[in-house]
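>>> Generate a structure from the sequence data that follows.
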Amino acid sequence: MILPTLQKVSETIGWTVIGILLLYGGVRLFDLIDPIDYREEIRKGNLAAGIIMAALITGLAAIVIAVILS
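Okay, the predicted model is just below:
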């Protein structure tokens with residue numbers, strides 16, 4: 001009874017780690033491709049940079065979720 005629960009918990013943790021790594025890798029790849037330092041722009045209060053990063057992370061999350069569920 002405990003073993004199937006532990007297996008599901010470990011699978012959930014594993015997929016969570018994979019998803020976070022894929023999101024992080026996608027954001028880093030975007031940083032390498034685009035010459036603008038969005039993190040610095042966000043620190044300076046640039047709302048447009050924040051919106052772009054939010055859209056990027058949301059889009060990447062949708063892709064990661066679709067890949068994990070398929």
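>>> Any stretches of the chain with poor pLDDT?
1 (pLDDT under 70).
>>> most centrally placed residue in it?
In the chain, the centroid-proximal residue (C-alpha atoms, centre = their mean) is residue 23; its distance is 2.5 Å.
>>> So the closest residue to that one other than its chain neighbours, which state does it fall into?
Leaving aside its sequence neighbours, residue 23 sits nearest to residue 60 (C-beta to C-beta, 6 or more residues apart in numbering; 5.3 Å). Yep, even glycine has a C-beta here, placed from its N, CA and C like the rest. Put simply, residue 60 is helix when judged by DSSP: H, G, I helix; E, B strand; the rest coil.
>>> Correct me if wrong: residue 60 contacts residue 26.
Yes - Residue 60 is within contact range of residue 26, at 4.3 Å (criterion: C-beta atoms under 8 Å).
>>> mind listing the helices for the chain?
Remark: helices of the chain, listed N- to C-terminal, are 2-33, 38-43, 47-69; assignment by DSSP state H.
>>> Quick check: which helices or strands does the first one pack against?
Here helix 2-33 is seen to pack against helix 47-69 when contacts are counted using 3 or more C-beta pairs under 8 Å, 6 or more residues apart in numbering; DSSP states H and E.
>>> Show me what counts as buried in the helix it packs on.
For helix 47-69, burial by neighbour count (16 or more other C-beta atoms under 10 Å) applies to 49, 52-53, 56, 60, 64.
>>> which residues does residue 30 contact?
residue 56 (C-beta atoms under 8 Å, 6 or more residues apart in numbering).
>>> Would you mind measuring from it to residue 6?
From residue 30 across to residue 6, the span is 36 Å (C-beta to C-beta, to the nearest Å).
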